[in-house]
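> Fold the following.
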Amino acid sequence: MELIKRILQKNKTTLRNMLAFFMVFAGVLHFATPEPFIKIVPGFLPYPAALVYISGVFEILLGFGLVFQATRWISAWGLVALFIAVYPANLNMAFNHIKLAGIPDSWWLHGIRLPFQFVLIAWAAWCAKPAIVSPKTL
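As a prediction, this is how the structure comes out:
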């Protein structure tokens, strides 16, 4: 376990930038191909298209915010909140068997996808913590 912690700490900048890239890319997809995202918005939420575009804007802004020291903490915690906020859409897709082009509607996929949201939450929260640079971590 200690070895994993050291590896993660040593590669924190790379892992943080990976999450930033993924978030910006996902945010851009909300504008390039909004239909799949709109389709999985739960029916009890109003204005699905607006919610997709708003979440796309936040994904882009918070992703870029992870890159800069001055905005990293707020961006990371903003991503935690965003990942929690969009979880109902993931549940809606899984439980209502919403089919999206190119994505299999199978329980094994949802069985991986749904818990992975908690990995993303933990990843974003970890990015909020400052990197610890010491001889032990290198």
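> For Ile67, which residues are in contact?
Heads up, residue 67 is Val, not Ile. 16-17, 20 (C-beta atoms under 8 Å, 6 or more residues apart in numbering). Quick note: C-beta positions are derived from backbone N, CA and C, even for glycine.
> Apply 10 Å and report the result again.
Contact analysis of Val67 by C-beta atoms under 10 Å, 6 or more residues apart in numbering lists 13, 16-17, 20-21, 24, 75.
> so how far is Ala122 from it?
Per C-beta to C-beta, to the nearest Å, Val67 is found 20 Å from Ala122.
> same for the top helix by length along the chain, what does it pack against?
Longest helix in the chain by number of residues, with DSSP state H as the criterion: helix 69-95. Contacts defined by 3 or more C-beta pairs under 10 Å, 6 or more residues apart in numbering; DSSP states H and E place helix 69-95 against helix 12-32, helix 34-40, helix 48-67, helix 107-128.
> tilt between it and helix 48-67?
For helix 69-95 against helix 48-67, the angle by axes from the mean of the first three to the mean of the last three C-alpha atoms, to 10 degrees is 140 degrees.
> can you pull the buried residues of helix 69-95?
Buried residues in helix 69-95, counted by 16 or more other C-beta atoms under 10 Å: 72, 75-76, 78-80, 82-83, 86, 89-90, 92-94.
> which strands and helices sit next to the helix or strand of the chain with the lowest mean pLDDT?
One helix or strand of the chain scores below all others by mean pLDDT, DSSP states H and E: helix 2-10, with a mean of 79. Under the contact criterion of 3+ C-beta pairs under 10 Å, 6+ apart, helix 2-10 touches helix 12-32.
> Tell me which of the helices and strands packed on helix 69-95 lies nearest to Ala101.
helix 34-40 (7.3 Å; C-beta to C-beta).
> Looks like Ala125 contacts Val80 (just checking).
Yes. When contacts are counted by C-beta atoms under 10 Å, Ala125 is listed as touching Val80 (5.4 Å).
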